[in-house]
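Fold the following for me, if possible:
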Amino acid sequence: MRMYLVGGAVRDKLLGRPVVDHDHVVVGARPEEMLALGYKPVGKDFPVFLHPQSNEEYALARTERKTGHGYHGFAFQADPAVTLEQDLARRDLTINAIAEDEHGGLVDPYGGTRDLDRRLLRHVSLAFVEDPVRLLRVARFAARFAPLGFSVAPDTMQLLQQMVRDGEVDHLVPERVWAETRKALGEARPSAFLRVLREAGALAVLFPEVDALYGVPQRAEFHPEVDTGVHLEMVLDMAAQLAPGNDLVGFCAFTHDLGKALTPKHELPRHIGHEHRGVAPLRQLATRLRVPTEYATMAECVCREHLNAHRALELKPAIVLKLLVTLDALRRPERLQVFLDACMADKRGRLGHEQDDYPQAAWLRRARDAAAAITSAPFVAQGLQGPAVGAAMEKARVRAIAEMKLCNT
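Below is the predicted model of the structure:
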């Protein structure tokens, strides 16, 4: 029996990045031997065990064979005769197919360390095309490692394009598309996720509402980058800077401008009312991918209200309060922060505007605090009841925001 550290743990150690998960492969063992050593079984499709002390995963070396379409269309074989090289061969990318033995020695049969040095995301074998999830994983790894200079190897990109042409991507289930997309939106350079999918031809298949933004012009005086798709890429990367790792902010940025793809051609490059046009395609996308309610709800708020955020300093106090209520920010201030991060990313996600001030954020936070400070207690003490209490609180909150605004002018 031999045990090896594998996958992302080895890759990230070699890159000098923090190692989050330690996964291991066990060669030359049977399930009963693992049980005798105190390991706890957790695998359903193939033998995976948890270490009795560390709870780290130990999977028996295995091979896999394509039996059908999609992520679940595989048969696995795990027995003591499976070699480490065979187990590593079934992995997606060479940089994820490096193992480390108990002495720290590397086993690298597919050139993963070389591709780390060359900053390449390259497939291990032609079996790569058998699992459509790998297309999304490559795009996600591109989003993670783009700041380090990584790119997709040309021959791997050709395989991604082949997967799209062969219709393998059509068999992706919504849950897996969402899971990989959500992770990608929390990475350091989400724009790379879009670019890889688009070059592979998969963006139009998986996210037609987003793909439709490319080539749509905007007014150059406000958007020097002009192309709406390029603007979206910039907004996503700005969101990743403002709220690192926050995939909720990332999803709001991802869907905030979908309405621009629906602007009538005779109105271009203006996009009057795009914030309202974008709600329908956003709901369509969220329903198709079974996006969690909180993500869909917040994204819709950002889509519909981001222009109000940009002009917050000019809004009447009653409209400011309505915006805060729409966001449920009086009860849940964290929702206001998500909204503001996404809106600030939109404002700064423009060529030459990356460092622009956004005083609207501080003003809306102050307005929220002023409104939230108004409680029902004094109105109940005055003898008001039912709807009268709510009406009095609303008037008081509008006054509080108005007074706050006067103090700041």
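
looking only at pLDDT, what's the mean for stretch 132-148?
Average pLDDT, stretch 132-148: 97.

Now do stretch 92-112: everything it contacts.
The contact list for stretch 92-112 (CB atoms under 8 Å, 6 or more residues apart in numbering) reads 2-11, 13-14, 25, 84-85, 88-89, 91, 113-116, 120-125, 128, 131, 134, 137-138, 141. No exception for glycine: its C-beta is placed from N, CA and C like everyone else's.

next SSE after the helix or strand of the chain with the lowest mean pLDDT?
Ranked by mean pLDDT, DSSP states H and E, the weakest helix or strand in the chain is strand 74-78, scoring a mean of 68. Toward the C-terminus, strand 74-78 is succeeded by helix 84-89 as the next helix or strand (DSSP states H and E).

What lies in contact with that next one?
So helix 84-89 is contacted by 2, 4, 6, 25, 27, 61-63, 97-99, 107, 109-110, 124-125, 127 (CB under 8 Å, 6+ apart).

again, only this time at 6 Å
Residues from elsewhere that reach helix 84-89, judged by CB atoms under 6 Å, 6 or more residues apart in numbering: Val25, Val27, Ala61, Thr63, Ala97, Ala99, Pro109, Ser125.

Let's check: the centremost residue of the protein is which one?
A centroid search over the chain (CA atoms, centre = their mean) returns Leu185, at 2.0 Å, as the residue closest to the centre.

Would you mind confirming that it makes contact with Gly250?
Yes. Using CB atoms under 6 Å, Leu185 makes contact with Gly250 at a distance of 3.0 Å.

Now, the contacts of stretch 92-112 that are in strands?
Arg2, Met3, Tyr4, Leu5, Val6, Val25, Leu120, Leu121 (DSSP state E).

Pick out whichever of those sits closest to Leu321.
Of all the ones in strands among the contacts of stretch 92-112, Leu321 sits closest to Leu121, with 48.6 Å by CB to CB.

Compute the number of surrounding residues for that closest one.
Leu121: 25 surrounding residues under other CB atoms under 10 Å.

likewise the one 10 residues further on?
The burial count assigned to Asp131 is 21, neighbours taken as other CB under 10 Å.

Need phi/psi at it.
With angles defined as degrees, to the nearest 10, Asp131 sits at phi -120, psi 110.

For Thr326, give its distance to Met298.
From Thr326 across to Met298, the span is 11 Å (CB to CB, to the nearest Å).

Between those two, which has more neighbouring residues?
Between Thr326 and Met298, Met298 has the larger neighbour count (other CB under 10 Å), namely 22 against 15.

Give the buried residues for the strand or helix carrying the more buried one.
Using DSSP H and E, Met298 maps to helix 293-310. Using 16 or more other CB atoms under 10 Å as the test for burial, helix 293-310 gives 295-296, 298-306, 308-309.

Need the CA coordinates for it. PDB is fine.
Extracted in PDB, the C-alpha atoms of helix 293-310 (Å, rounded to 0.1, in the frame of the first residue of the first chain):
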ATOM      1  CA  THR A 293     -33.200  32.600  -4.500                       C
ATOM      2  CA  GLU A 294     -30.800  35.000  -2.700                       C
ATOM      3  CA  TYR A 295     -28.600  35.300  -5.700                       C
ATOM      4  CA  ALA A 296     -31.500  35.700  -8.200                       C
ATOM      5  CA  THR A 297     -33.200  38.300  -5.900                       C
ATOM      6  CA  MET A 298     -30.100  40.400  -5.300                       C
ATOM      7  CA  ALA A 299     -29.100  40.200  -9.000                       C
ATOM      8  CA  GLU A 300     -32.500  41.500 -10.000                       C
ATOM      9  CA  CYS A 301     -32.200  44.400  -7.500                       C
ATOM     10  CA  VAL A 302     -28.800  45.400  -9.000                       C
ATOM     11  CA  CYS A 303     -30.100  45.000 -12.600                       C
ATOM     12  CA  ARG A 304     -33.100  47.200 -12.000                       C
ATOM     13  CA  GLU A 305     -31.700  49.700  -9.600                       C
ATOM     14  CA  HIS A 306     -28.000  50.200 -10.500                       C
ATOM     15  CA  LEU A 307     -28.700  53.500 -12.300                       C
ATOM     16  CA  ASN A 308     -30.500  54.800  -9.200                       C
ATOM     17  CA  ALA A 309     -27.300  54.000  -7.200                       C
ATOM     18  CA  HIS A 310     -25.200  56.000  -9.700                       C
END
